[in-house]
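Novice: Return atomic coordinates for the entry below.
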Amino acid sequence: MEAAERREQIRQLLCQSKRPISAAALAGRFGVSRQIIVGDVALLRAAGASIDATPRGYVLRRAEGGLLRTVACRHSGADMEAELNTMVDNGCTVLDVIVDHPIYGQLTGPLRLASRYDVAQFIRRCEEEDAPPLSLLTEGIHLHTLSCPDEAVYERVLAALDAAGFLLK
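Specialist: Residues are numbered from 1 along each chain as shown. Below is the predicted model of the structure:
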């Protein structure tokens, strides 16, 4: 298979998938190394494809339904799972985490967590990789971009985060 054909098939797979696809899974499917896939994705991005790398794999960025809102939070690393579950349990998708680093400026990590299952997989991966949350760089202060079906759901998330002590006021 030619490289251009493989890249087009990768783009089509991402377009059809509702879940992230890991570089390792794509490498296995096409019989190439993971690094070849990373290069293919870089070339697809350079050609204009809106591909995000999430903790669970690559996703094609789609227009989000509902409202986009940003929420400011603060908590310890040990409370990360509870905070994320609070948001997904109340009906929002956690699109990313953002911290304001004193040297690098704004750092954003894509998450796309929509369920407790997604949160559990993210937490498991953090533990396996011994990867601390970005918020540890900023004494626990961080932002999340949320996709919410409507304003009422966003207000419910704010109230739940406040009740749990995670909302930064």
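Novice: going forward, measure contacts and count neighbours with C-alpha atoms only.
Specialist: Will do.
Novice: For this protein, which segments count as helices?
Specialist: Taking DSSP state H as the criterion, the chain contains helices spanning 3-16, 23-30, 34-46, 80-89, 116-128, 151-164.
Novice: Just send these back as a markdown table, with distance to residue 144 too.
Specialist: Shown next, in a markdown table, are the helices of the chain (distance: least, CA to CA, whole Å):
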| stretch | distance to residue 144 |
| --- | --- |
| helix 3-16 | 24 |
| helix 23-30 | 25 |
| helix 34-46 | 24 |
| helix 80-89 | 10 |
| helix 116-128 | 14 |
| helix 151-164 | 12 |
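Novice: can you put these in TSV and add mean neighbour count?
Specialist: What follows is these, written out as TSV (neighbours: other CA atoms under 10 Å):
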stretch	mean neighbour count
helix 3-16	14
helix 23-30	16
helix 34-46	16
helix 80-89	20
helix 116-128	15
helix 151-164	16
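Novice: Looking at these, which is nearest to residue 109?
Specialist: Each of the helices of the chain has some distance to residue 109 by CA to CA; the shortest is helix 116-128, at 12.1 Å.
Novice: Mind exporting the C-alpha coordinates of the closest one to PDB?
Specialist: Only the C-alpha atoms of helix 116-128 are listed here, as PDB (Å, rounded to 0.1, in the frame of the first residue of the first chain):
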ATOM      1  CA  ARG A 116     -17.400   7.300  33.900                       C
ATOM      2  CA  TYR A 117     -15.900   4.700  31.600                       C
ATOM      3  CA  ASP A 118     -13.800   7.400  29.800                       C
ATOM      4  CA  VAL A 119     -12.800   8.900  33.100                       C
ATOM      5  CA  ALA A 120     -11.700   5.500  34.500                       C
ATOM      6  CA  GLN A 121      -9.700   4.700  31.400                       C
ATOM      7  CA  PHE A 122      -8.000   8.100  31.600                       C
ATOM      8  CA  ILE A 123      -7.200   7.700  35.400                       C
ATOM      9  CA  ARG A 124      -5.900   4.100  34.700                       C
ATOM     10  CA  ARG A 125      -3.600   5.400  32.000                       C
ATOM     11  CA  CYS A 126      -2.300   8.200  34.300                       C
ATOM     12  CA  GLU A 127      -1.500   5.600  36.900                       C
ATOM     13  CA  GLU A 128       0.200   3.200  34.500                       C
END
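Novice: What lies in contact with it?
Specialist: Contacts with helix 116-128, where a contact means CA atoms under 8 Å, 6 or more residues apart in numbering, come from 55-56, 81, 84-85, 88-89, 113, 132-133.
Novice: Which single one of these is nearest to residue 96?
Specialist: Distances from residue 96 to the contacts of helix 116-128, taken as CA to CA, are shortest for residue 113 (8.4 Å).
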